[in-house]
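Sharing a model prediction with you, sequence too.
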Amino acid sequence: MTHDRLLALAAVLSGAWLVGGCAADAVPLPTTAIAPAPASPGGLTGTSWRLVEVQSMDDAQGTSKVGERVYEIDFGADGRAALKLDCNRGGTSYTVVPASEPGAGSVTFGPAALTRAMCPPGSLDTKIARDLQYVRGYRVAGDTLSLSLMADGGIYVWKRVP
């Protein structure tokens, strides 16, 4: 064997010895899965909501009822929200920072990714998807969730889905 091959073999064997020695001192990882924390009272994680009205801060527009169309949001424990916006489906990320007052705080949504089906005229699917990026606060009172838009842009009022 040549000198270079002996050095290479020695390097491989010493590396294997070091890895083996480290493995003996390694702390085993837990084998049980950690369950996500349950939804806190008044929190959003693990809850589902159906839109019932949109409140405008413009008195001329007032409050608009949603009617028969279905707009739903499901807050997952993984920081993702599933959306059902009339004839389209999609999702977005969300981050909640609870306030000191129970059932209230700030919430921000990432850009929504939606299917692009053509919903019937009058659908709010694209408006809601766009407005989610401007939501800044939430308040849960009983079975009602209010998502307020920044700069007094309006309030989306949702009812809990059992």
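Received it, and whenever you're ready, just let me know what you need. Residues are numbered from 1 along each chain as shown.

Please work out how many residues are found near A82.
For A82, the count of nearby residues is 14 (other C-beta atoms under 10 Å). Heads up, the C-betas are built off the backbone N, CA and C, glycines and all.

What helix or strand is it located in?
For A82, the host element (DSSP states H and E) is strand 80-85.

so how far is that strand from its chain's centroid?
Strand 80-85 sits 9 Å away from the centroid of its parent chain (C-alpha atoms, centre = their mean, to the nearest Å).

cool, stretch 119-127 as well?
23 Å.

Start and end of that stretch, how far apart?
End-to-end distance for stretch 119-127: 12 Å, by C-alpha to C-alpha, to the nearest Å.

before we move on, back to that, got the buried residues for the strand holding A82?
Residues A81, L83, K84, L85 are the ones in strand 80-85 that count as buried (16 or more other C-beta atoms under 10 Å).

and the longest strand along the chain with strand 80-85, angle?
Criterion DSSP state E: the longest strand present in the chain is strand 88-98. Counting by axes from the mean of the first three to the mean of the last three C-alpha atoms, to 10 degrees, strand 88-98 lies at 140 degrees to strand 80-85.

circling back to that earlier point, in its sheet, what does the strand holding A82 sit against?
The pairing partners recorded for strand 80-85 under DSSP bridges are strand 71-75 (antiparallel), strand 88-98 (antiparallel).

With respect to I155, which of those lies nearest?
strand 71-75 (14.3 Å; C-beta to C-beta).

before we move on, back to that, just the residues contacting the strand holding A82, thanks.
70-76, 89-94, 109, 112, 114, 123-125, 128-129 (C-beta atoms under 8 Å, 6 or more residues apart in numbering).
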